[in-house]
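J.: I would like the atomic coordinates for the input below:
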Amino acid sequence: MRFLLNVNQVFITRVALYALAFLLSVVIARGLGPDGRGVYSLFFLVVSIAAAIAGFGVGLGNVYFLGKGQYTLRVLLGNCHALVIAITAMAFVLTVAFAMASGADLFVEGRSYWLYVPATAVLLYFTLITSFLQAEGRFAAWNGVWLARHFLVVAAAAAFLLADRLTTFSLLASWTVGLTAANLLALFLVGLPNVSFGAVVNPHWAALKDQVVFGVKGQAGELIQLLNLRLDIFLIAAFVDTENVGYYAVAVGMTETIWWISHAVSTVLLPRLIRDAPEQAAEFTTVVSRNVIVLSAAAAAALALVASFAVPLLFGDDFSPSVNAIYWLLPGVVAIGGQNILVNYFVSQGRAILSSYSAGIALIGTVLLDLILIPPFGIEGAAAASSIAYIAALSASLYWYKNRFGNDAWAALLPRASDFSLYRNAVQELRSHYALMRRT
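T.: I've put the predicted structure just below:
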């Protein structure tokens, strides 16, 4: 019951977050056009990759070691602060060196270029600080921080649009400032008494080593998956143009609504699987995996029905080329939903490296197919390549789920008649719970 309640909270939050992100996309599209939307996507992608590399998977290590009770929150938090300070200094040096060698121009120019440093730092910190809320199962606080982050960015961007002052710099600056405010809120919720200046200047090196060693195994998979999801944006920019990047970004944004389901479940699932006995974790993962796939497929079918008129209505007729890319992306986003669940199981069993292996297979497929399909077919080719890569990732995860752990891969993939009783019971329990909440 608690698991279902937490999943519902996170899912509802994901819906709200997407609504805010969707509104931001509309604001950018209306204010900056397809080219501006493409520039924003490229900037955000560079920052996301930089933060993912710089984090060394420490956020994942926080969830694991705090869940296992191996290290205290105070120790892990101090290590995170020390890491962020070191990475920020390094990012500044590298950014200055790049500007001196090639000019202050990497998808954005001038003032906007220098936002790479603070944007990378605040995104890295957000990943690390929110991992403590996830590890402790404080999903109401976790949800609140995410909502604050998105709301502040959208509000600032909309204000600039209404004032006819929306530019690339004002948009990216709003994103950075909004994320900084969300970080401060998250730190307050984690607990200011847990912040130790001594732990920052003198980190717990043994704990930090464990955080990095464990985290890197899983982080490699997350980074590779990020490249699987976003590498085609770079290739579209290289082979076509930033306008088509804007079209593709809209298509990706629409299809990512399907990930509300798997993301909400995965967020709540990982801390539970870490605490469960191996047999319980396997049984629960099997049931959750196949049902996430079924629900994702239903959501994909619904999106396919409305995409042809929803995209021009919301973004304008200029974004009509996004529709065909959406159709090609749908099979893959259903597959990646199931893979996200299996990855959580691998991490909970101390085998995070398996997620990196399966994602690596998908990355190779993505690169090869993008190089073959993007030049002749443009964004439709990129979308088809992504779907094939996501299906490959799910196939690899199912293979290891069966052959490394002895679990039933087909049971994790295909629905069963008994699942309908689970849905019925879950709905009844949730209705009873919320009815009780209203009465009290």
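J.: what mean pLDDT does whichever helix or strand residue 142 is part of get?
T.: Applying DSSP states H and E as the criterion places residue 142 in helix 139-162. For helix 139-162, mean pLDDT rounds to 91.
J.: in that helix, what's buried?
T.: 139, 141-146, 148-154, 156-158, 160-161 (16 or more other C-beta atoms under 10 Å). Using the backbone N, CA and C atoms, a C-beta is placed for each residue, glycine as well.
J.: other SSEs contacting that helix?
T.: helix 2-55, helix 116-135, helix 168-190, helix 259-275 (3 or more C-beta pairs under 8 Å, 6 or more residues apart in numbering; DSSP states H and E).
J.: check which helices and strands the shortest one sits against.
T.: Applying 3+ C-beta pairs under 8 Å, 6+ apart, one finds that helix 259-275 contacts helix 2-55, helix 58-68, helix 116-135, helix 139-162, helix 278-315, helix 322-348.
J.: out of those, which is closest to residue 255?
T.: Closest of those to residue 255 is helix 322-348, at 4.4 Å (criterion: C-beta to C-beta).
J.: how many residues are close by residue 191?
T.: As a burial measure, residue 191 scores 12 neighbours (other C-beta atoms under 10 Å).
J.: excluding chain neighbours, what is closest to it?
T.: Take residue 191 and drop its neighbours on the chain: the residue closest to it by C-beta to C-beta, 6 or more residues apart in numbering is residue 73, 7.5 Å away.
J.: and if you look at residue 140?
T.: residue 9 (6.5 Å).
J.: ditto for residue 348
T.: residue 273 (3.5 Å).
J.: so what's the gap between the helix holding residue 142 and the chain middle?
T.: The chain centre lies 16 Å from the centre of helix 139-162; the measure is C-alpha atoms, centre = their mean, to the nearest Å.
J.: can you check stretch 335-354 too?
T.: On the basis of C-alpha atoms, centre = their mean, stretch 335-354 sits 15 Å off its chain's mean C-alpha point.
J.: out of the helices and strands packed on helix 139-162, which comes closest to residue 311?
T.: Distance to residue 311, taken as C-beta to C-beta, is lowest for helix 2-55 among those, at 10.4 Å.
J.: rounded mean pLDDT for that closest one, please.
T.: 80.
J.: same question for stretch 64-72.
T.: Rounded mean pLDDT across stretch 64-72 is 86.
J.: ok, residues contacting it?
T.: 73, 76, 132, 135-136, 204, 207, 210-211, 214, 271, 274-275, 347 (C-beta atoms under 8 Å, 6 or more residues apart in numbering).
J.: can you rerun that using 6 Å?
T.: Residues from elsewhere that reach stretch 64-72 (C-beta atoms under 6 Å, 6 or more residues apart in numbering): 135, 207, 214, 271, 274.
J.: could you list the buried residues of that stretch?
T.: 64-67, 71.
J.: could you confirm residue 234 falls within a helix?
T.: Yes: according to DSSP: H, G, I helix; E, B strand; the rest coil, residue 234 belongs to a helix.
J.: got a list of what it touches?
T.: Contacts of residue 234 (C-beta under 6 Å, 6+ apart): none.
J.: then the one 4 residues further on?
T.: Contacts for residue 238 (C-beta under 6 Å, 6+ apart) come out as none.
J.: same check on residue 330?
T.: Neighbours of residue 330 in contact, by C-beta under 6 Å, 6+ apart: residue 300.
J.: any idea how far it lies from residue 39?
T.: 27 Å (C-beta to C-beta, to the nearest Å).
J.: and for residue 372?
T.: Residue 372 is 27 Å from residue 39, where distance means C-beta to C-beta.
J.: which one's more surrounded, these two?
T.: Counting neighbours by other C-beta under 10 Å for residue 372 and for residue 39 shows that residue 39 has the greater number, 24 against 12.
J.: returning to what we had before: which one of the helices and strands packed on helix 139-162 is the most hemmed in?
T.: Comparing the helices and strands packed on helix 139-162 by mean neighbour count (mean count of other C-beta atoms under 10 Å), helix 116-135 comes out on top with a mean of 24.
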